[in-house]
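**Q** fold the following, please.
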Amino acid sequence: MMWIKGFSRTRSDRGVLASTGWRRRMNRRAVWGWMFFDWASQPFHTLIITFIFAPYFVASAAETPARGQELWGYAVAAGAAIVAVMAPILGAAADAAGPRRPWLLFFSLAYIVGSAGLWLAAPGADPLPVLVFFVIGLVGVELATVLTNSLLPLLGPREEVGRVSGSGWAMGYWGGLVSLVLVLGFMVPAPGGEATLLGLAPVFGLDPAEGEGARATGPLTALWYVVFMVPFFLWTPDAPRAAAARGATSAALGGLGRTIRALPKKRSLFAFLLSSMLYRDALAGLYAFGGIYAAGVLGWGAFQLGVFGIVAAFTGAVGAWIGGRWDRRDGPKPVILASIVALALVSCATVATGRDEVFFIALEEGSSLPSIVFYVCGAVIGAAGGMLQASSRTMLTLQADAERMGEAFGLYALAGKATSFLAPFLIAVATGLSDSQRVGVTPVILLFLGGLLLMRRVSADGRT
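**A** Model (predicted):
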């Protein structure tokens, strides 16, 4: 990553930085500090939402896995709805005030408290308090992401943003991978045994019968964030305070209203927000329910899910890194289109795979082929998902006004969350109606296809 050492800026780049108050030349440490947010926050997605805690909660909080999946789906939908309402308001207010750090500290605290509270999810405990803590943590991490993403265009010239974004996302995946290896190596025992992946007893006397290994991922995630956000706060400069003006926040919120009303006239930006609304919702559905699906349909335990997570995190890091360089060469649009196609196809393959069948072809009982296919699907989801998310935030920087990036990423979060309840809600409804986890996840395929069709209407440079 020697390219991070410095950036040569064009006249237009210097003008953007000057107009936003960022007159200091960003250095290598500033970029690394910004990327550490991805490293610090990723375990919530890897450990809590996808591979360890969510499958444990589903298995222990309800009488059947299908019912547990339904409850979890409604919780994810509730958190997404709150983010959808708050994100654009937060972005506009942050633009008006200037500094992001006070807001970031507040939502970081929510993230830490919500994550730590997941320890309460003992077997047979009332699931409601656990779900409330989960929603608090989810809202905290999502809104903190809005604030840090809004700093992305200020880290270097326009032509380098894609590579910065891809490298940051790759760093996040590495953080998720390392945290997952730690959990499997020291906290969660392998199936049918009492030893972890490293052949050790769970640390601190964690009792597998009480689900303490999975429950401890909540406090671990909180501690991880506290430790690894230090470089961000030490190395990445905050935006300067805006000139004091009475009613600046009200004016910014009024500007947000005008921006929303004018969106249909900005055809490329509008199409991109609509497209991302669908495909990011579908991807979130895959992440949120992939581990739950494997646990219920294939009968995987925490150990197999952890190995699956290692595969997906590794390919996600590699995919985001490669995607960042592809993005720099050809722009973000072809990266996004290819990623959506790959994710739609792998979703079809996942639905067609059961405990004793692959692509709806029956196999001998006990065949390992379904697990192999699912590991391959996880690798593709990781790689394509990493590319898609990194290039999506690059695409927004090409579509939006450089002087209102907080508002832009607030709208981006709104687009991602306004219907982000849709995938978990549709999965919950489809699962409840069919009493089948396989049928329950089919809505993500339609969401990917809808996003693909809309993405074809997006201008590569955001000029239409």
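
**Q** my understanding was that Thr46 contacts Val178; is that so?
**A** No. Counting by Cβ atoms under 8 Å, Val178 is not a contact partner of Thr46; they are 9.7 Å apart. Where C-beta positions appear, they are placed from N, C-alpha and C, glycine not excepted.

**Q** so where's the stretch 201-350 of the chain uncertain?
**A** Across the stretch 201-350 of the chain, the ranges flagged by pLDDT under 70 are 240, 242-263, 288, 302-303.

**Q** let's see that with 50 instead.
**A** Applying pLDDT under 50 to the stretch 201-350 of the chain flags the ranges 245.

**Q** any chance you could map the strands in the stretch 351-464 of the chain?
**A** 353-354, 357-358, 361-362 (DSSP state E, counting those that start in this stretch).

**Q** which secondary structure elements does the helix ranked longest in the chain contact?
**A** Secondary structure of the chain per DSSP state H: the longest helix is helix 65-97. Where contact means 3 or more Cβ pairs under 8 Å, 6 or more residues apart in numbering; DSSP states H and E, helix 65-97 is packed against helix 53-61, helix 101-116, helix 127-149, helix 248-262, helix 267-297, helix 405-418, helix 422-434, helix 437-440.

**Q** just the mean pLDDT for that helix, thanks.
**A** Averaged over helix 65-97, pLDDT sits at 80.

**Q** helix 267-297 and that one, what's the angle between them?
**A** If you take axes from the mean of the first three to the mean of the last three Cα atoms, to 10 degrees, helix 65-97 sits at 150 degrees to helix 267-297.

**Q** before we move on, the earlier item: settle it for me: which of Thr46 and Val178 has more neighbours?
**A** Between Thr46 and Val178, counting by other Cβ atoms under 10 Å, Thr46 is the more crowded of the two (30 against 17).

**Q** and the gap between the closest residue to the more buried one other than its chain neighbours and Gly385?
**A** The spatial neighbour of Thr46 that comes closest, neighbours along the chain excluded (Cβ to Cβ, 6 or more residues apart in numbering), is Gly176 at 3.4 Å. Distance, Gly176 to Gly385, by Cβ to Cβ, to the nearest Å: 12 Å.

**Q** identify the contacts common to those two.
**A** Gly316 (Cβ atoms under 8 Å, 6 or more residues apart in numbering).

**Q** ranking the strands of the stretch 351-464 of the chain by burial, who's on top?
**A** Greatest average neighbour count among those goes to strand 353-354 (a mean of 20), per mean count of other Cβ atoms under 10 Å.

**Q** and the pLDDT for the residue positioned nearest the centre of the chain?
**A** Geometric centre of the chain, nearest residue: His45, 6.1 Å, by Cα atoms, centre = their mean. With respect to pLDDT, His45 scores 89.

**Q** contacts only, for it.
**A** The contact partners of His45, by Cβ under 8 Å, 6+ apart, come to Val141, Gly176, Tyr287.

**Q** need those in CSV with distance to Pro202, can you?
**A** Below are the contacts of His45 laid out as CSV (distance: Cβ to Cβ, whole Å):
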residue, distance to Pro202
Val141, 26
Gly176, 21
Tyr287, 26
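
**Q** next, count neighbours for Val135.
**A** Quick note: Val135 (other Cβ under 10 Å) scores 21 neighbours.

**Q** that one against Ala78, yeah?
**A** Yes. Val135 is within contact range of Ala78, at 5.5 Å (criterion: Cβ under 8 Å).

**Q** re earlier: neighbour count winner among Gly176 and Gly385?
**A** More neighbours surround Gly176 than the other of Gly176 and Gly385, with 29 against 26 (other Cβ under 10 Å).

**Q** gap between that one and Val444?
**A** According to Cβ to Cβ, Gly176 and Val444 sit 21 Å apart.

**Q** number of nearby residues for Val392?
**A** One thing to correct before we go on: residue 392 is Ser, not Val. Residues lying near Ser392 (other Cβ under 10 Å) number 24.

**Q** any idea which of the helices and strands packed on helix 65-97 is most buried?
**A** Mean neighbours per residue, mean count of other Cβ under 10 Å, is largest over the helices and strands packed on helix 65-97 for helix 405-418, with a mean of 26.

**Q** what's near enough to touch Val297?
**A** Contacts for Val297 (Cβ under 8 Å, 6+ apart) come out as Thr353, Gly354, Arg355, Gln437, Arg438.

**Q** so where's the stretch 1-150 of the chain uncertain?
**A** 1-24, 26.

**Q** can you name the farthest residue from the center of the protein?
**A** Each residue of the chain has a distance to the centre, and by Cα atoms, centre = their mean the biggest one is for Glu364: 37.1 Å.

**Q** look up the pLDDT of that residue for me, please.
**A** As predicted, Glu364 sits at a pLDDT of 77.

**Q** where's it relative to Asp356, distance?
**A** In this view, Glu364 and Asp356 are 8 Å apart by Cβ to Cβ.

**Q** do the same with Phe289
**A** Distance from Phe289 to Asp356, by Cβ to Cβ: 21 Å.

**Q** for burial, what's the neighbour tally of the residue nearest to Phe51 when sequence neighbours are not counted?
**A** Excluding the flanking residues, the one nearest Phe51 by Cβ to Cβ, 6+ apart is Gly309, at 3.6 Å. Gly309 has 28 neighbours, counted by other Cβ under 10 Å.
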